[in-house]
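# Fold the stuff below for me.
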Amino acid sequence: MKTSQNLPVDADTLGRCGSRSLTGSLSVRRGFAFLAFAGIAWGTTGAAVEVIYRTSGLGPMAISFWRFLAGAELLLPAWALRPARKAPRAPQPARRRVLLLAGTGVGLAVFQTAYFAAVRDTGLAVGTIVTLGAAPVCTAAGGRLFLGERMGRAGVLAVAGALAGLTVLVLGNQPGVVHPAGVAMALLSAAGYAVSNLLGRWTGRHGTGEDAFTLTLLSFLIGAAVMLPLAVHEGLVPQGGDLTEAALLMLYIAAVTTALAYPLYFAGVAVLRAATASVMMLLEPVSAAVLAVLFLDEQLTAATVAGTVILLGAIAALALAESRLQAKPVVP
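Numbering: from 1, shown residues only. Here you go, the predicted structure:
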């Protein structure tokens, strides 16, 4: 069994926390911790974006662009000071690495921009829960088709739980609570999430030369480049309202939910299976739903509560099953 020292993303991103006898099972637990933080932090993103919508007039394209650009700027110092790392034993061809980075950047751009649009069109709670409820299904299918990952009984039950929760949420609510345009944007966001998830996992498995900081930084820069023309067309600067509040919220989004959460996310998906990581991210809709009710005056219907409880059950069952598995060596 290899130690976490052999996981290039984990060791280079977060330092060498422990001795060389650190076991693979500990790496799995750390992966859960990283993804749990990222999921909860991302759950606050939609609430911050909703407030920005109300106070500044910025749209989803512009917010996505500024998030990528500010996140990249905040990540640069940490990237420059990261520990030196050994080159992979079998580096991937330059063309493949470029395609990998471009795919990850575009996937992240689609993921967050479509999500912001879903929040605008159907509300924070519903938009977030639909996005992260559909993401495990897309990721599990992609992991099986492209990474050869076996879902196992726990994975099948978790995905079934996610589908059940999503069905209750969408079909159990009365007309007008769930808007079709917002649901469509949420499903598009889920597809983008699955792409970035699977590519991040593939990078961790095959050792292409990019650690989590490098992968995140380059993905942000690519995402900003992709979003720039769309953001210019939509409007790059606020049209009024409380500019100070909007600036502070954008700083929070860039620093906490982007520059910090994304490296932890990539480190986590390099340790855990793609389907597992995707289901763990269902923590995001839970925190988003709580914020939507407490601070944004959204109604939490019985169907929304039931769907959220089912999704939480899927997370708990999967985490318990995964913690009992013996970690397998990660071969770069």
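
# Show me how far stretch 161-176 is from its chain's centre.
Relative to the mean C-alpha coordinate of its chain, stretch 161-176 is positioned 22 Å out (C-alpha atoms, centre = their mean, to the nearest Å).

# repeat for stretch 97-115
Taking C-alpha atoms, centre = their mean, one finds the center of stretch 97-115 at 11 Å from the center of the full chain.

# again with stretch 288-296
That offset, for stretch 288-296, works out to 20 Å (C-alpha atoms, centre = their mean).

# Show me what counts as buried in it.
Judged by neighbour count (16 or more other C-beta atoms under 10 Å), stretch 288-296 contains these buried residues: 288-292, 296. Using the backbone N, CA and C atoms, a C-beta is placed for each residue, glycine as well.

# Looking at those residues, spot the one nearest residue 188.
Using C-beta to C-beta, residue 288 comes nearest to residue 188 of the buried residues of stretch 288-296, at 17.8 Å.

# What helix or strand is the closest one located in?
Residue 288 belongs to helix 283-295 when elements are defined using DSSP states H and E.

# So what touches that helix?
Contacts made with helix 283-295 from outside it, assessed by C-beta atoms under 8 Å, 6 or more residues apart in numbering, are listed as 35-36, 39-40, 42-44, 46-47, 50, 123-125, 128-129, 131-133, 298-300, 304, 308, 311-312, 315.

# at 6 Å what do you get?
Helix 283-295 is contacted from outside by 36, 39-40, 42-43, 46-47, 124-125, 128-129, 132, 298, 300, 308, using C-beta atoms under 6 Å, 6 or more residues apart in numbering.

# out of these, which are buried?
36, 39-40, 42-43, 46-47, 124-125, 128-129, 132, 298, 308.

# Output the residues you listed in JSON lines, with distance to residue 28, secondary structure and pLDDT appended to each entry.
JSON lines is the format used below for these (distance: C-beta to C-beta, whole Å; DSSP: H, G, I helix; E, B strand; the rest coil; pLDDT from 0 to 100):
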{"residue": "36", "distance to residue 28": "13", "secondary structure": "helix", "pLDDT": "88"}
{"residue": "39", "distance to residue 28": "16", "secondary structure": "helix", "pLDDT": "85"}
{"residue": "40", "distance to residue 28": "19", "secondary structure": "helix", "pLDDT": "90"}
{"residue": "42", "distance to residue 28": "21", "secondary structure": "helix", "pLDDT": "84"}
{"residue": "43", "distance to residue 28": "23", "secondary structure": "helix", "pLDDT": "88"}
{"residue": "46", "distance to residue 28": "29", "secondary structure": "helix", "pLDDT": "89"}
{"residue": "47", "distance to residue 28": "30", "secondary structure": "helix", "pLDDT": "91"}
{"residue": "124", "distance to residue 28": "31", "secondary structure": "helix", "pLDDT": "90"}
{"residue": "125", "distance to residue 28": "31", "secondary structure": "helix", "pLDDT": "85"}
{"residue": "128", "distance to residue 28": "26", "secondary structure": "helix", "pLDDT": "86"}
{"residue": "129", "distance to residue 28": "26", "secondary structure": "helix", "pLDDT": "81"}
{"residue": "132", "distance to residue 28": "21", "secondary structure": "helix", "pLDDT": "78"}
{"residue": "298", "distance to residue 28": "35", "secondary structure": "coil", "pLDDT": "85"}
{"residue": "308", "distance to residue 28": "25", "secondary structure": "helix", "pLDDT": "77"}
